[in-house]
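Asker: Test case, fold it:
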Amino acid sequence: MKQPLIKLLITSSLILTLSACGGGDDGEEKSNNNSNYVPPNTSTVSGQFYKSTDTGKYFSTEDFPTYEQYGQNARHCYQSYNDYYFESEKTMVFGNPELPDSDFKQAATWIENNLAPALASMGVTEQEFFDAKSSIRLSRLTEIRNWLKQKAYSNFSYPTEFDSWTSQQQNDWATQTTKNLAKNEVINLTLNDPYSQKSEAEIILEDKIYVCLHENTQPYGWGEGTAIGITIGAESIVVPNNINKLIQHELIHTVQHAISADFDGFKLPRWFSEGQAVYLSGMSVANKANHTEYDPTLVVYYSDEYGDSSLAYEHYGLAYQYIKDSNGQPSIVTMMKNMGALSHDYSIQLNSALKEDHNYVEIFNAHIKQQNGSVLTVSEYRDNYHSLMTSYAN
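Answerer: Residues are numbered from 1 along each chain as shown. So this is what the prediction gives:
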């Protein structure tokens with residue numbers, strides 16, 4: 001096994017290790033020159049190592065995998081180390097076979113130990129999570145939707161009025177039809193699809209958390225919750241402080257993908273997705289009285305983020321705290337599930353005055369209340385954020 005030359009003990013803010021999360025600067029860090037890495041003595045979950053060539057289970061199966069599905073730092077797993085993994089009860093951990101075995105086992109242990117707390121904080125059961133998490137690769141579902149829209153499946157039952165519909169109506173029907181297909185229906189369609197050369201094993205996702213071990217030596221981007229699981233750093237190379245909070249934060253992102261996203265993409269604005277993960281994982285949240293330090297609800301995309309990232313994350317957490325205190329976590333989860341069930345309308349998005357995904361705007365406006373019980377819209381929370389926070393702080 002390869003012996004890593006360095007093990008970094010991160011002493012900077014936990015926020016700096018968040019990735020999909022976007023990050024921040026590197027912050028301060030402490031390095032240990034450790035040419036004789038010794039695996040941890042802590043017990044790890046049981047499991048077994050496999051080669052994908054023996055099991056047919058791979059991290060990715062697409063000809064051109066995308067970071068939208070697998071994450072920014074998962075290229076190690078979908079380009080080079082796609083076919084070697086450690087499997088435990090709830091995880092499949094992929095990575096470089098030359099990493100110490102303990103890296104794979106420790107990653108599985110971190111995930112298994114923190115999955116239940118992450119789900120509990122979201123108010124989602126494990127069964128609900130795995131039911132919502134796609135058992136089919138999103139790329140395959142996208143292909144089916146696109147072929148359905150083109151009426152390419154001659155043996156498929158199409159509505160009699162299909163040909164008279166607008167392109168958007170056809171897209172909506174194709175999207176909802178694809179979402180409603182049972183797993184066995186997708187498999188049968190794939191095996192008899194003249195446009196696809198995929199086997200059943202190539203399109204199926206196990207009911208596991210797919211973990212990718214990256215080998216970055218910097219704290220920035222250590223963790224990233226994705227549509228299929230989580231990408232984290234190898235334990236023998238980088239060990240963040242507050243590891244349990246960090247893992248729970250990223251697993252909350254994975255839950256967000258499962259219940260609110262679809263093959264058209266992730267619909268939550270940055271402040272909401274990060275704020276929910278920050279607050280529910282127990283990370284530092286800004287004091288209500290300091291709300292004027294930052295304008296979190298202006299941050300829809302990563303490119304909108306400004307200033308110190310640690311401060312930004314604390315204020316994302318505060319913005320989410322207001323929503324949770326005013327509505328309750330069950331109502332928020334219902335909102336997210338309803339959003340995931342909607343179809344994206346490109347014409348509505350194109351003509352919208354707001355940057356946010358129009359599905360998010362529609363569902364937020366329909367579900368979310370102010371602290372006083374009045375309706376709260378996306379526009380109002382952005383434009384009147386500080387006046388609402390002033391009342392909240394008093």
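
Asker: Now do the helix ranked longest in the chain: everything it contacts.
Answerer: Ranked by residue count and defined by DSSP state H, the top helix of the chain is helix 101-122. Identification of contacts with helix 101-122 by CB atoms under 8 Å, 6 or more residues apart in numbering yields 1, 39-40, 42-45, 47, 49, 85-86, 88-91, 93, 95, 125-126, 129, 209, 211, 213, 229-230, 232, 234-236, 243-244, 247-248, 251-252, 255, 280-281, 329, 333. Heads up, the C-betas are built off the backbone N, CA and C, glycines and all.

Asker: Which strands or helices does the helix or strand that it is followed by pack on?
Answerer: Once helix 101-122 ends, the next helix or strand along the chain (criterion: DSSP states H and E) is helix 126-132. Helices and strands touching helix 126-132, by 3 or more CB pairs under 8 Å, 6 or more residues apart in numbering; DSSP states H and E, are helix 101-122, helix 243-260.

Asker: Tell me how many other residues surround residue 284.
Answerer: Using other CB atoms under 10 Å, residue 284 has 16 neighbouring residues.

Asker: Residues touching stretch 74-81, excluding its own?
Answerer: Contacts for stretch 74-81 (CB under 8 Å, 6+ apart): 59-60, 62, 65, 67, 70, 94-97, 212-215, 224, 226, 231.

Asker: Kindly check the end-to-end length of that stretch for me.
Answerer: Start and end residues of stretch 74-81 are separated by 10 Å (CA to CA, to the nearest Å).

Asker: That stretch: how far from the chain's middle?
Answerer: 18 Å (CA atoms, centre = their mean, to the nearest Å).

Asker: Distance check, residue 238 against residue 216.
Answerer: Per CB to CB, to the nearest Å, residue 238 is found 7 Å from residue 216.

Asker: one step back: which of the helices and strands packed on helix 126-132 sits closest to residue 181?
Answerer: Nearest to residue 181 among those is helix 243-260 (17.2 Å), distances taken as CB to CB.

Asker: Show me which residues of that closest one are buried.
Answerer: Using 16 or more other CB atoms under 10 Å as the burial criterion, the residues of helix 243-260 that qualify are 243, 245-260.

Asker: try stretch 92-112
Answerer: 92-96, 99-100, 102-112.

Asker: Likewise for stretch 366-373?
Answerer: Buried residues in stretch 366-373 (16+ other CB under 10 Å): 367, 368, 370.

Asker: now do stretch 201-216
Answerer: For stretch 201-216, by 16+ other CB under 10 Å, it's 202-205, 208-216.

Asker: quick one: stretch 274-282 to chain centroid distance?
Answerer: 13 Å.

Asker: Correction: the previous question concerned stretch 78-96.
Answerer: Using CA atoms, centre = their mean, the offset of stretch 78-96 from its chain centre is 18 Å.

Asker: Now do the contacts for residue 191.
Answerer: Here residue 191 is in contact with 199, 200 (CB under 8 Å, 6+ apart).

Asker: Repeat the analysis, applying 7 Å as the threshold.
Answerer: Applying CB atoms under 7 Å, 6 or more residues apart in numbering, we find residue 191 in contact with residue 200.

Asker: I'd like the next helix or strand past the helix or strand where residue 310 lies.
Answerer: Using DSSP H and E, the element containing residue 310 is helix 309-327. Using DSSP H and E, the helix or strand that follows helix 309-327 in sequence is helix 329-340.

Asker: quick revisit: the buried residues of stretch 201-216 into JSON lines, with extra columns for distance to residue 196?
Answerer: Output for the buried residues of stretch 201-216, formatted as JSON lines (distance: CB to CB, whole Å):
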{"residue": "202", "distance to residue 196": "9"}
{"residue": "203", "distance to residue 196": "8"}
{"residue": "204", "distance to residue 196": "14"}
{"residue": "205", "distance to residue 196": "16"}
{"residue": "208", "distance to residue 196": "24"}
{"residue": "209", "distance to residue 196": "27"}
{"residue": "210", "distance to residue 196": "22"}
{"residue": "211", "distance to residue 196": "28"}
{"residue": "212", "distance to residue 196": "25"}
{"residue": "213", "distance to residue 196": "30"}
{"residue": "214", "distance to residue 196": "30"}
{"residue": "215", "distance to residue 196": "34"}
{"residue": "216", "distance to residue 196": "35"}
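
Asker: and those, which of them are in strands?
Answerer: Secondary structure from DSSP state E places 209, 210, 211, 212, 213, 214 of the buried residues of stretch 201-216 in strands.

Asker: will you turn the residues you listed into a markdown table that also has pLDDT and distance to residue 135?
Answerer: Shown next, in a markdown table, are these (pLDDT from 0 to 100; distance: CB to CB, whole Å):
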| residue | pLDDT | distance to residue 135 |
| --- | --- | --- |
| 209 | 98 | 13 |
| 210 | 97 | 12 |
| 211 | 97 | 17 |
| 212 | 96 | 19 |
| 213 | 96 | 23 |
| 214 | 93 | 25 |
